[in-house]
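K.L.:
build me a model from this:
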Amino acid sequence: MLAFFMSGFSALLYQVAWQRMLVLFTGSDVRSVTLVITAYLAGLGVGSFMGLRLADSLSPRMALRAYGLTDILIAVFAWFSVGLLSDVLYPLSLGIERSGFFLWVLLFAFLLLPTTLMGLSLPLISRAVADDAAGVAGRVSVFNGVNILGAATGCLIAGWLLAPFLGFDVTVKLGAVISLLAGVMVVVAAQGMPAHAADTQKASVRGSLYGMNASVAGWCVLFFVSGFIAISLEIIWFRILAVLLDADAKLYSSFLFVFLLCYGVGNVWGSRHSFISPWRTFLSLQVAMMVWVLVTVGALLLWGSRYQWGADALYRWIPAMLVGVPAVLMGAVFPVMQSAVQSDLAHVGARVSWLQLSNLAGNVLAGLLTGFILLEYAGTPFSIKLLSGLTLLFAALLVHDAWRSSAKKRMVAVCGVLTMVLMMALMLPVDVKFWGGFHRAGQGTVFRIQEDASGVSALRVNESFALFTVNGEPQGGIPFAAQHVYMGAVAALLHPDPRDALVIGMGSAGTAFGVGAQTVLENITVVELISSEFPLLHDYERDGKSPALSRLFSDPRFHWLHADGRRYVTSRSRQYDLIQADAIQPWNSGSGFLYSREYFALMASRLKPGGIMAQWQPTARVEATFVSVFPYAIKLDNHLLLGSNEPMTLDAQSLHDRLFSPEVQAYLQLGGASSEQLWAMAGQGRVLMQWEPGSDRLLHDLNTDWKPADEYRMMYFATPLTSR
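P.N.:
This next block holds a predicted model:
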């Protein structure tokens, strides 16, 4: 049991690290993350399929040894996986980044060995610990619960301690050491394992379709639907939490920890009970879970539509309220299933495999359907209603069962639950009313909402200003914030003769608008990860509310693309005179790949001779990382960094003349900025700090791909350099 706890612990170290590292190859939007997760789940399904034939063909002692061997093999793979990612997978991924299917196949191939072994572990351990038919369901459920509790612990430690302090690569290798210890422990323990009655049950396995019959098939169908609902709810929960709470790097780990902890508790709790009617218990758990989800979502909406969210007890307990109770109920479904199908020792491993395989199939379908289609075309509110509709089928079956049992009081209670589920689902608002509450909007606020699979974009509008947010995080406003216009305009006007520009990150479009102030630019490519921003801003522009947006979207020089900015640059060899990065805040989840040393080196390689990269300077570590790459760098004020591969001189007079030209002044006024304001923000052309090849630079405590310290809000220990 200790070894199985350690296996779960190390498995989540791998998942947290691998999932984040693989984002480098797929891009960091929701669709790409879904590709990684479904490839992971599909590999677990392959392991479950192998368990159908293998688990029950072994004696308990041999099954235990085989399980120990799976941990040892996982450890070996994990130890070398970081090099495999960097040296093999990354070069292969560059040619297929536009094909989601082939990219998924590549991810699946990489994850196939470890996830197959992980998927095989539960059937093997189930065979090993099954010593009597009467108690096998409870024992299997206890072991599964212990494994999941280990996973919850690993998730919390990986997200809060190991990844921030050691980095993703070291986290994976630490997981390999733990897997190796667990495997060796099990192999040694198997040597002293006594023989028992289960050793004689192997003969009947081959002719039994691996334990499948009509009853088991029916339960597999139910577990498939249950798995679909579970993963769909996970996706929906995470979207809601990302809007309600700060979407920092620790949010995913915290969310997954709460879910796994409660799921494991549900497993262990359910294993301590004998179920007189597994059928009725399963239906009751499914209906109760969805009722809780709807009641909680409704309560959060009701609160958010009338009051401003604050740092109160309700706000801090939102993840536990939304996720905790349903996860316990989901976890309790597993022992119910086991008690329904485990009737003889000859098919213990196979029936564990059948159930696990069907549940994982539901998980994968949910990831693809909900992550790619429902959120893209129907949105979160409709997705919740669809899941409620599926649950209504369970509720109807529960009513039928209660009616047949003549349990009148129970019938009344079930009808009440059914009515509550139906009413809550029908009353759930859509689009603006739904997301208005989750955006902490009080009464009287006007919202515009656009949601798709990539995220939720919103405009909070009053008479003179519109606040633009993405997944609940402010990105700017319309009219544009002067700081955004300044970053784009000053960098573009500093270059003496730019022709091609790349803007990474759209935000409220203020930075892109600023770049457009440079009249000699011929091509300006804007790459934005969250595709829901485009239709929202276009709709606002068509209403005639923003002359700046009208000018921007009618300018033929601009080319607007939905893509991961880093992935876009990596897959193309095109070079630019100006690269302007207006990325998300460095402590947001997934931002580390846009502030790392490797990222800045990539951008430097895409500059034309004399080209400039302009970068927002949100932290001292970002500054140190930026200047560690560019041989020539300038800090114009406390927020703007300029880097180049060739000597740069800041001609203050030329900048002044361009900034105060009649064309530029008229252009800036459309965006709510002025030349005087931008000139003052630029310190009237005075250089705050400058670096050249001989200048001192800090080469430690920097952001890297595998250790994004700023993303985890790590304290900056280096001493800032003085100007040179």
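
K.L.:
name every strand pairing with the longest strand along the chain and say which way it goes.
P.N.:
Criterion DSSP state E: the longest strand present in the chain is strand 607-616. Counting by DSSP bridges, the strands paired with strand 607-616 are strand 576-581 (parallel), strand 640-644 (antiparallel).

K.L.:
buried stuff in the shortest one?
P.N.:
By neighbour count on 16 or more other Cβ atoms under 10 Å, the buried set for strand 640-644 is 640-644. Glycine gets a C-beta too; all of them are placed from N, C-alpha and C.

K.L.:
give me the lowest-pLDDT entry from those residues.
P.N.:
The weakest per-residue confidence within the buried residues of strand 640-644 falls on Leu640 (91).

K.L.:
pLDDT at the closest residue in space to that residue that isn't next to it in sequence, what is it?
P.N.:
Spatially, and ignoring its direct neighbours in sequence, Leu640 is nearest to Met487 (5.9 Å; Cβ to Cβ, 6 or more residues apart in numbering). Met487 is assigned a pLDDT of 91 by the prediction.

K.L.:
and if you look at Ala320?
P.N.:
Ala320 carries a pLDDT value of 74.

K.L.:
for the nearest residue to it once chain neighbours are set aside, give me its contacts.
P.N.:
Closest residue in space to Ala320, ignoring its immediate chain neighbours: Val258 at 6.1 Å, by Cβ to Cβ, 6+ apart. Val258 is in contact with 319-320, 323-324, 327, counting by Cβ atoms under 8 Å, 6 or more residues apart in numbering.

K.L.:
most neighbours among those, which one is it?
P.N.:
Neighbour counts for those peak at Val323, which has 27 neighbours (criterion: other Cβ atoms under 10 Å).

K.L.:
now find how far off-centre the helix or strand containing Thr116 is within its chain.
P.N.:
Thr116 belongs to helix 100-129 when elements are defined using DSSP states H and E. Centroid displacement of helix 100-129 relative to its chain, using Cα atoms, centre = their mean, to the nearest Å, is 20 Å.

K.L.:
I'd like the mean pLDDT over that helix, please.
P.N.:
Helix 100-129 shows a mean pLDDT of 89.

K.L.:
helices or strands up against that helix?
P.N.:
helix 2-26, helix 30-54, helix 60-84, helix 90-93, helix 136-157, helix 348-368 (3 or more Cβ pairs under 8 Å, 6 or more residues apart in numbering; DSSP states H and E).

K.L.:
on that earlier part again, how close does the residue nearest to Ala320 get to Trp237?
P.N.:
The gap separating Val258 from Trp237 is 10 Å, by Cβ to Cβ, to the nearest Å.

K.L.:
which stretches of the stretch 451-600 of the chain form helices?
P.N.:
Taking DSSP state H, counting those that start in this stretch as the criterion, the stretch 451-600 of the chain carries its helices at 482-494, 510-515, 533-542, 547-554, 565-570, 597-605.

K.L.:
ok, Val265 - contacts?
P.N.:
Val265 touches 145, 149, 328, 331, counting by Cβ under 8 Å, 6+ apart.

K.L.:
now do Arg272, the pLDDT please.
P.N.:
If you check Arg272, the pLDDT there is 81.

K.L.:
verify the contact between it and Gly138 for me.
P.N.:
Yes. Using Cβ atoms under 8 Å, Arg272 is in contact with Gly138, at 7.2 Å.

K.L.:
coming back round to it: could you identify which of the helices of the stretch 451-600 of the chain is most buried?
P.N.:
Highest mean neighbour count among the helices of the stretch 451-600 of the chain (mean count of other Cβ atoms under 10 Å): helix 510-515, with a mean of 29.

K.L.:
helices and strands around that helix, which ones?
P.N.:
Using 3+ Cβ pairs under 8 Å, 6+ apart, helix 510-515 sits against helix 482-494, strand 500-504, strand 523-528, helix 547-554, strand 576-581.

K.L.:
can you rerun that using 6 Å?
P.N.:
Packing partners of helix 510-515 (3 or more Cβ pairs under 6 Å, 6 or more residues apart in numbering; DSSP states H and E): helix 482-494, strand 500-504.

K.L.:
what lies in contact with the shortest one?
P.N.:
Strand 500-504 has contacts (Cβ atoms under 6 Å, 6 or more residues apart in numbering) with 512, 515, 521, 523-527, 565, 576-581.

K.L.:
now do it against strand 523-528, angle only.
P.N.:
Angle between the axes of strand 500-504 and strand 523-528 is 10 degrees (criterion: axes from the mean of the first three to the mean of the last three Cα atoms, to 10 degrees).

K.L.:
output strand 500-504 as PDB, restricted to C-alpha atoms.
P.N.:
The C-alpha coordinates for strand 500-504 follow below in PDB (Å, rounded to 0.1, in the frame of the first residue of the first chain):
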ATOM      1  CA  ASP A 500       8.200  44.300 -41.000                       C
ATOM      2  CA  ALA A 501       6.900  44.100 -37.500                       C
ATOM      3  CA  LEU A 502       5.600  41.300 -35.300                       C
ATOM      4  CA  VAL A 503       3.400  41.900 -32.300                       C
ATOM      5  CA  ILE A 504       3.000  39.000 -29.800                       C
END
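
K.L.:
partners of it, with directions?
P.N.:
The pairing partners recorded for strand 500-504 under DSSP bridges are strand 523-528 (parallel), strand 576-581 (parallel).

K.L.:
so which of these is the most packed in?
P.N.:
Comparing the strands paired with strand 500-504 by mean neighbour count (mean count of other Cβ under 10 Å), strand 576-581 ranks first with a mean of 25.

K.L.:
chain center to that one, what's the gap?
P.N.:
Centre-to-centre, strand 576-581 and its host chain are 28 Å apart (Cα atoms, centre = their mean).
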